[in-house]
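Peer 1: Curious how this folds, go ahead:
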Amino acid sequence: MEYRMVIMYVEIGCFVTCLCGWILVCSTLPTEYWTFSEVGTVVMTTGNYYSNLWRDCVSDTTGVSDCKEYPSMLALPVYLHALRALAICAVITGFFGGVLTLIGMKCTKIGGSDIINSRVAFSGGITYLVSGFCGMITYSWWANRVVTQFVDPNYMDQKFELGAAVFIGWGGSILLLSGGTVLTYFSGKEGLPSRLSKGPRRPVSYATARTRRTYMHPPPSSRVTLVPPLYYSDGRSQTTRGTTKTAPIQSWDTFV
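Peer 2: Model (predicted):
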């Protein structure tokens, strides 16, 4: 199997994984079962209390339930505002991560070259990681407060337990982190050039251009001689320098 086909199947698997995780995270926002508490020892008089980031609800054994929004937004504690912001960021970044991944995958052929598509898919993987981290922080922070209040003996108010939405959110966040990590690794390996190469570097070469001022040595068989000045009849004189070729001296007799 070709490397391109392997990368394409990996991208499809990561996209499906992250899409499932994003759907699970989105499904927890309208769910009221973030915390759960049951009051009463008799089945006929049992009351159930549950709440989430937006409202508090109560129900009884007759099936009648009533939910009430938080009365004042400004009166809410700071941690609840932070949890709301993180949950919304997880949903928004997960959506844009899916869009970028769809554009950058090799099977869609929406982008340009393979390098550009890999870089777009790398951006989608980073966005999925941001979505997973936001979701994980949201559910872990909420669970930490619930567990801390439950095990604190000095806490005198009504104590709650973790609801199903928190566990679903943890699962969705883990899927987002897993798919985003694999997608970021393979896309970055192909789309981002590696600056540190283990092989030997190519020596630097310099190109020279020959100009009129370039000094050139005369050939070994030529000798530069000075020609005596030329005199004309009108008194003008001109000194010239010429180049003549002289044959090498064979013997002393020839020289004499």
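
Peer 1: rest of the way, CA atoms for contacts and neighbours
Peer 2: Will do.

Peer 1: Look up the closest residue to residue 155, ignoring the ones flanking it.
Peer 2: residue 149 (6.3 Å; CA to CA, 6 or more residues apart in numbering).

Peer 1: Centre of the chain to the strand or helix carrying that neighbour, how far?
Peer 2: Assessed by DSSP states H and E, residue 149 sits inside helix 114-151. Centroid separation for helix 114-151 versus its chain: 14 Å, with CA atoms, centre = their mean, to the nearest Å.

Peer 1: before we move on, what about stretch 84-92?
Peer 2: 20 Å.

Peer 1: isn't residue 146 right next to residue 166, touching?
Peer 2: No. Taking contacts as CA atoms under 8 Å, residue 146 lies outside contact range of residue 166: 10.9 Å.

Peer 1: which one of these two has more residues nearby?
Peer 2: residue 166 (23 against 17; other CA atoms under 10 Å).

Peer 1: What strand or helix carries that one?
Peer 2: Residue-wise, residue 166 maps onto helix 164-191 under DSSP H and E.

Peer 1: other SSEs contacting that helix?
Peer 2: Under the contact criterion of 3 or more CA pairs under 8 Å, 6 or more residues apart in numbering; DSSP states H and E, helix 164-191 touches helix 3-28, helix 114-151.

Peer 1: how about a markdown table for those, with mean pLDDT and distance to residue 92 added?
Peer 2: Below are those laid out as a markdown table (pLDDT from 0 to 100; distance: least, CA to CA, whole Å):
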| stretch | mean pLDDT | distance to residue 92 |
| --- | --- | --- |
| helix 3-28 | 89 | 10 |
| helix 114-151 | 90 | 8 |
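
Peer 1: Just put the ones you listed in a markdown table and tack on distance to residue 81.
Peer 2: Listed next are the helices and strands packed on helix 164-191 as a markdown table, based on distance: least, CA to CA, whole Å:
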| stretch | distance to residue 81 |
| --- | --- |
| helix 3-28 | 17 |
| helix 114-151 | 11 |
